[in-house]
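1. build me a model from this:
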Amino acid sequence: MTRQQLIKSIYDIMENSLELQTLSSFNEDARLNEDLYMDSIMVLQLILHIELDLGISIPDEVLVPKDFKTVGTLASFLEKQQKVE
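-> Residues are numbered from 1 along each chain as shown. Presented below is the predicted three-dimensional model:
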């Protein structure tokens with residue numbers, strides 16, 4: 001998947017699976033906690049949906065908070081994970 005496809009997929013998961021109410025703030029620089037008001041449980045749900053819906057494997061040992069700061073850092077992390085598989 002391209003970076004833009006990943007960002008669109010993140011948006012779709014947040015909209016359809018997580019039913020996030022704060023998507024008006026969604027952009028590549030939007031912070032997951034502060035701008036989109038996602039708590040740690042919602043971030044874990046997002047990771048689960050990424051794995052199941054997109055087929056991208058995310059091992060527990062590679063999870064680092066800095067990769068889940070913004071939509072952009074998450075997209076960069078997922079790009080790297082695709083190359084590992």
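2. shaky segments in this protein?
-> In the predicted model, the chain carries pLDDT under 70 at residues 85.
3. quick one, strands of it?
-> Counting by DSSP state E, one finds no strands in the chain.
4. now the helices for it?
-> Applying DSSP state H to the chain gives helices spanning 3-12, 40-54, 71-84.
5. out of those, nearest to residue 31?
-> Nearest to residue 31 among the helices of the chain is helix 71-84; the distance by C-beta to C-beta comes to 8.4 Å. No exception for glycine: its C-beta is placed from N, CA and C like everyone else's.
6. which one of the helices of the chain lies closest to residue 21?
-> Between residue 21 and the helices of the chain, the shortest separation by C-beta to C-beta is 11.3 Å, and it involves helix 40-54.
7. who are the packing partners of the closest one?
-> Contact analysis of helix 40-54 by 3 or more C-beta pairs under 8 Å, 6 or more residues apart in numbering; DSSP states H and E lists helix 3-12 as its packing neighbours.
8. burial measure for residue 19, as a count.
-> Each residue near residue 19 was counted by other C-beta atoms under 10 Å, and the total is 8.
9. before we move on, what about the one 3 residues further on?
-> Counted with other C-beta under 10 Å, the neighbours of residue 22 add up to 12.
10. what's the answer for residue 52, then?
-> Residue crowding around residue 52 was assessed by other C-beta under 10 Å; the count is 11.
11. can you pull the contacts of it?
-> In this structure, residue 52 makes contact with no residue, judged by C-beta atoms under 8 Å, 6 or more residues apart in numbering.
12. what about it, distance to residue 30?
-> Using C-beta to C-beta, to the nearest Å, residue 52 is found at 23 Å from residue 30.
13. same check, this time on residue 18
-> According to C-beta to C-beta, residue 18 stands 14 Å off from residue 30.
14. next: residue 62.
-> When distance is defined by C-beta to C-beta, residue 62 is 22 Å away from residue 30.
15. do the same with residue 5
-> According to C-beta to C-beta, residue 5 stands 18 Å off from residue 30.
16. now do residue 64
-> The spacing between residue 64 and residue 30, counted by C-beta to C-beta, is 19 Å.
17. how about residue 77?
-> 15 Å.
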